[in-house]
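Novice: Predicted model follows, preceded by the sequence.
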Amino acid sequence: MTDGERAQPFPPTHPVTRLGRVIQQLRSFGELHAGELEALAAELGSANPADVAARLRIYREVQRDEAQLIVDELVDIQADMAATEATQEPAPLTPAGTRDPAINSPRRAKWLAEQAAEEERRRQPLSRRDFFGGGAKPED
């Protein structure tokens, strides 16, 4: 699955879409600069050192600017995600005072109901036969 296919169902400002763009920028960044530096390395033997130095400075500036764009986008995504997290209600507290994100889940409710039913069954009085027999049947 490509990055574009993964990001399609999300709006342009969604973190998944934005991270997809950052990934694409990083890939292009690596390929483009590797190609530029390889071409420069090939010219080193025959070019004027002043020209090579000037081109290296240009590549350095372009690389710095592109890297800063990527860092800015990641910082922006991080800030948006932190703001989203801060606006969400925290999970309710459990009786022990800890936060449990599954406290309202249906599976947890079912398990708690089963535990309560088992506890209620244990509270019911037992007959002597049940108490001493333990429900075991004699073998024939």
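Specialist: Cool, the structure landed.
Novice: Show me which residues of the one helix or strand Arg18 maps to are buried.
Specialist: Using DSSP states H and E, Arg18 maps to helix 15-43. For helix 15-43, a neighbour-count test (16 or more other Cβ atoms under 10 Å) marks Thr17, Arg18, Leu19, Gly20, Arg21, Val22, Phe29, Glu36 as buried. (C-beta placed from N, C-alpha, C; glycine too.)
Novice: Per-residue confidence, the residue nearest in space to the middle of the chain, what does it come out as?
Specialist: By Cα atoms, centre = their mean, the mean C-alpha position of the chain lies nearest to Val16, the distance being 9.9 Å. For Val16, the model assigns a pLDDT of 82.
Novice: Surely it and Phe10 touch.
Specialist: Yes: applying Cβ atoms under 8 Å as the test, Val16 and Phe10 come out as touching, 4.7 Å apart.
Novice: Now distance to Asp130 too, for the buried residues of helix 15-43, in a markdown table please.
Specialist: Converted to a markdown table, the buried residues of helix 15-43 look like this (distance: Cβ to Cβ, whole Å):
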| residue | distance to Asp130 |
| --- | --- |
| Thr17 | 64 |
| Arg18 | 65 |
| Leu19 | 62 |
| Gly20 | 64 |
| Arg21 | 69 |
| Val22 | 67 |
| Phe29 | 75 |
| Glu36 | 85 |
